[in-house]
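**Student:** Any chance you can model this:
(one chain, ligands or ions: 1)
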Amino acid sequence: MFTRQAISTLRLVRLSRGLATHANSGLAVPASLHLKTGQTFKGTSFGAPRSVFGETVFSTSITSYTESMTDPSYRGQILVFTTPLIGNYGVPHNVAPFDSQDVGVVLESQGIQCAAVVVGDVAEKFSHYTAVESIASWCKRHNVPGITGVDTRAITTLLRDQGTTLGRVAVGTDALLPPPAAEEYWDPSLENLVDQISTKQVYELNPTGSVKIAMLDFGAKANILRSLVRRDAAVTVFPWNYDFNKVRDQFDGLFLSNGPGDPKQCMEAALNLRRTIAEWNKPIFGICMGNQIIGMAAGLDSYRMTFGNRGHNQPVLALASSGSIKAGRVYVTSQNHQYALKLQEPFPEGWEPFFINCNDSSVEGIKSTDASGKQVWGVQFHPESAGGPLDTIEMFTDFVSHCKAQKVANYQPADVKPQVGLETEAPRVAATA
Ligand SMILES: NC(=O)CC[C@H](N)C(=O)O
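**Tutor:** Numbers count the residues shown, from 1 in each chain. As a prediction, the model looks like this:
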């Protein structure tokens with residue numbers, strides 16, 4: 001008779017043999033998802049054969065696993081897809097076509113941003129005219145582990161009940177060892193993830209655009225940049241903590257991007273913005289983290305939700321009309337957030353809630369009610385989608401139009417410099433998102 005210890009030693013030996021030959025033999029390598037709350041889900045590994053810690057979250061999106069996985073807001077997170085079959089349309093080549101006047105990538109950033117992925121059934125075969133590789137080979141190239149063959153429905157139910165939970169994807173021999181002790185789990189929300197991902201250098205896209213917009217980069221998704229550039233904006237991208245007040249006279253509008261982690265880690269940006277809002281009269285628009293920064297600048301508090309909202313089917317009700325948005329209408333939106341602004345009573349003076357979530361009544365956006373007509377709004381959802389519905393995409397058109405109107409209003413003939421011999425350049429891109 002073997003003792004329990006002998007059996008597990010035997011399993012480890014067999015497994016390490018399996019690991020050694022895995023690449024050629026197709027042997028399944030074990031993987032486990034451990035949650036800090038004590039539960040373990042056993043499956044098999046795909047992608048990079050390494051173990052990682054992270055914050056375990058779920059997304060109800062049915063498509064766009066490539067866009068979600070490259071969204072910098074997922075940094076530090078173990079992403080559980082509730083859709084059972086993931087990978088069936090493969091992964092495209094992530095370099096934008098030369099002539100597209102795009103932002104360099106097809107997906108949402110250069111590489112995979114989430115710490116790991118958890119799927120019910122990873123597709124080994126894929127088919128799509130843009131696909132160049134499988135999700136497994138893509139994950140492997142980016143050193144990101146995946147686990148498949150687990151009950152994602154059970155994991156999601158658990159996360160809904162107990163909330164977003166710290167976790168570990170353990171791969172290979174690690175998967176057979178006991179789970180980590182509670183104090184070993186890494187908590188990404190204690191770090192300033194924005195500082196890790198934000199641009200370190202100022203750069204400009206589409207410099208000949210007809211309106212100049214500054215973007216504070218908290219971990220911007222590429223489709224936000226595309227959505228501005230395609231509306232003929234010149235976009236100058238600054239690090240998240242750059243004090244925009246130093247250069248604000250050179251711009252027609254300010255944009256605050258999405259980004260990972262707890263917005264309170266970026267209080268410095270909110271304090272700079274408070275001054276901008278008080279002293280500058282031009283349009284300001286923020287998405288997700290950007291909305292939270294605007295809210296904190298306005299005097300609202302942010303809080304951590306139980307399991308956040310991640311998916312492409314989140315209904316929001318507009319409480320106010322503005323541009324393309326009509327009060328009383330419900331818009332279906334793309335979302336990826338763990339934090340939200342508090343619905344404080346009374347709301348800070350000069351501000352009103354703009355949208356409210358139809359499922360959980362959380363604040364989905366705020367807007368300025370400044371009597372001077374100052375245009376400042378933030379939305380908790382993602383109008384740029386990628387993936388998700390385009391119900392609110394025209395908010396970008398509204399923003400760029402307001403910036404253009406400001407430019408015209410502030411036009412002074414003295415600004416005009418004679419451009420002898422120069423022909424006017426034709427508008428560059430008219431495509432909509
Ligand atoms: N997508 C985002 O910008 C997310 C904002 C913030 N990190 C949150 O989780 O709430």
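**Student:** Now Leu177: closest residue in space that isn't a chain neighbour?
**Tutor:** What sits nearest to Leu177 in space, not counting adjacent residues and going by CB to CB, 6 or more residues apart in numbering, is Ala170, at 7.1 Å. All C-beta atoms are positioned from the backbone trio N, CA, C, and that covers glycine.
**Student:** so how far is the strand or helix carrying the one you found from its chain's centroid?
**Tutor:** According to DSSP states H and E, Ala170 maps onto strand 165-171. Remark: strand 165-171 is offset 21 Å from the chain centroid, using CA atoms, centre = their mean, to the nearest Å.
**Student:** gap between the residue nearest to Leu177 and Arg75?
**Tutor:** The spacing between Ala170 and Arg75, counted by CB to CB, to the nearest Å, is 20 Å.
**Student:** who touches the residue lying closest to Ala220 once chain neighbours are set aside in this structure?
**Tutor:** Nearest residue to Ala220 in three dimensions, chain neighbours excluded: Ser257, at 3.6 Å (CB to CB, 6+ apart). Contact analysis of Ser257 by CB atoms under 8 Å, 6 or more residues apart in numbering lists 215-221, 224, 286-290.
**Student:** got TSV for these, with pLDDT, neighbour count and secondary structure too?
**Tutor:** Below are the contacts of Ser257 laid out as TSV (pLDDT from 0 to 100; neighbours: other CB atoms under 10 Å; DSSP: H, G, I helix; E, B strand; the rest coil):
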residue	pLDDT	neighbour count	secondary structure
Met215	98	25	strand
Leu216	99	28	strand
Asp217	98	25	strand
Phe218	98	32	coil
Gly219	98	27	coil
Ala220	98	31	coil
Lys221	98	28	coil
Ile224	97	26	helix
Gly286	99	27	strand
Ile287	99	30	strand
Cys288	98	28	coil
Met289	98	32	helix
Gly290	99	29	helix
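**Student:** quick one on the thing from earlier: got a pLDDT number for the residue nearest to Ala220?
**Tutor:** The per-residue pLDDT reported for Ser257 equals 98.
**Student:** what's the answer for Gln201, then?
**Tutor:** 97.
**Student:** what about it, is that helix, strand or coil?
**Tutor:** Here Gln201 takes the coil state, with states given by DSSP: H, G, I helix; E, B strand; the rest coil.
**Student:** And Ala278, by the same measure?
**Tutor:** helix.
**Student:** any idea where the strands of the stretch 101-250 of the chain begin and end?
**Tutor:** For the stretch 101-250 of the chain, the strands defined by DSSP state E, counting those that start in this stretch cover 116-119, 121-122, 131-133, 145-148, 165-171, 203-205, 211-217, 233-239.
**Student:** gap between the residue nearest to Ala220 and the ligand?
**Tutor:** 7 Å (CB to the nearest ligand atom, to the nearest Å).
**Student:** Could you do Gly146 as well?
**Tutor:** Distance from Gly146 to the ligand, by CB to the nearest ligand atom: 22 Å.
**Student:** close enough to count as contact, that residue and Ile135?
**Tutor:** Yes - Gly146 is within contact range of Ile135, at 7.3 Å (criterion: CB atoms under 8 Å).
**Student:** Need the overlap of contacts for those two.
**Tutor:** By CB under 8 Å, 6+ apart, the residues touching both Gly146 and Ile135 are 46-47, 117, 122.
**Student:** which one of the residues you listed is nearest the ligand?
**Tutor:** Val117 (17.3 Å; CB to the nearest ligand atom).
**Student:** The strand holding Ala170 pairs with which strands?
**Tutor:** According to DSSP bridges, strand 165-171 has the following sheet partners: strand 30-35 (antiparallel), strand 52-59 (antiparallel).
**Student:** Which residue does the stretch 1-150 of the chain have closest to the ligand?
**Tutor:** Relative to the ligand, the nearest point of the stretch 1-150 of the chain is Ser73 (3.3 Å; CB to the nearest ligand atom).
**Student:** phi, psi of that residue?
**Tutor:** phi -70, psi -20 (degrees, to the nearest 10).
**Student:** Contact residues of the protein facing the ligand?
**Tutor:** 73, 258-261, 263, 288-289, 336-339 (CB under 6 Å from any ligand atom).
**Student:** how about a cut-off of 5 Å?
**Tutor:** For the chain, the contact set with the ligand under CB under 5 Å from any ligand atom comprises 73, 258-259, 288-289, 336-339.
**Student:** Neighbour-wise, give me the winner out of those residues.
**Tutor:** If you count neighbours using other CB atoms under 10 Å, the busiest of the residues of the chain next to the ligand is Met289, which has 32 neighbours.
**Student:** now it, nearest residue through space, not along the chain?
**Tutor:** Spatial nearest neighbour of Met289, excluding adjacent residues (CB to CB, 6+ apart): Gly259 at 3.8 Å.
**Student:** quick one: that neighbour is in a strand?
**Tutor:** No - if the criterion is three-state DSSP, then Gly259 is coil and not within a strand.
**Student:** Pop out the phi and psi values for it.
**Tutor:** With angles defined as degrees, to the nearest 10, Gly259 sits at phi 180, psi 160.
**Student:** Also Asn258?
**Tutor:** With angles defined as degrees, to the nearest 10, Asn258 sits at phi -70, psi 170.
**Student:** Kindly report the same for Ala269.
**Tutor:** The phi and psi torsions at Ala269 (degrees, to the nearest 10) take the values phi -70, psi -40.
**Student:** Confirm for me that it is in contact with Ile293.
**Tutor:** Yes - counting by CB under 8 Å, Ile293 is a contact partner of Ala269 at 5.3 Å.
**Student:** Mutual contacts of those two, please.
**Tutor:** Common contact partners of Ala269 and Ile293 (CB under 8 Å, 6+ apart): 216, 218, 256.
**Student:** What residues does the second one make contact with?
**Tutor:** With contacts defined as CB under 8 Å, 6+ apart, Phe218 is in contact with 194, 197-198, 240, 256-260, 266, 269, 289-290, 293.
**Student:** CSV for those, including distance to Tyr185?
**Tutor:** Output for the contacts of Phe218, formatted as CSV (distance: CB to CB, whole Å):
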residue, distance to Tyr185
Val194, 21
Ile197, 22
Ser198, 26
Trp240, 26
Leu256, 31
Ser257, 29
Asn258, 25
Gly259, 23
Pro260, 18
Cys266, 24
Ala269, 28
Met289, 24
Gly290, 29
Ile293, 28
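**Student:** buried ones in stretch 194-211?
**Tutor:** Applying a neighbour-count criterion of 16 or more other CB atoms under 10 Å, one finds 194-195, 197-199, 205-206, 209-211 buried in stretch 194-211.
**Student:** Mind checking which of these are in helices?
**Tutor:** Per DSSP state H, helices hold the following members of these: 194-195, 197.
**Student:** Closest one to Ser61 out of those, please.
**Tutor:** Top of the list for closeness to Ser61, among these and by CB to CB, is Ile197 at 21.1 Å.
**Student:** Many thanks, we can stop here.
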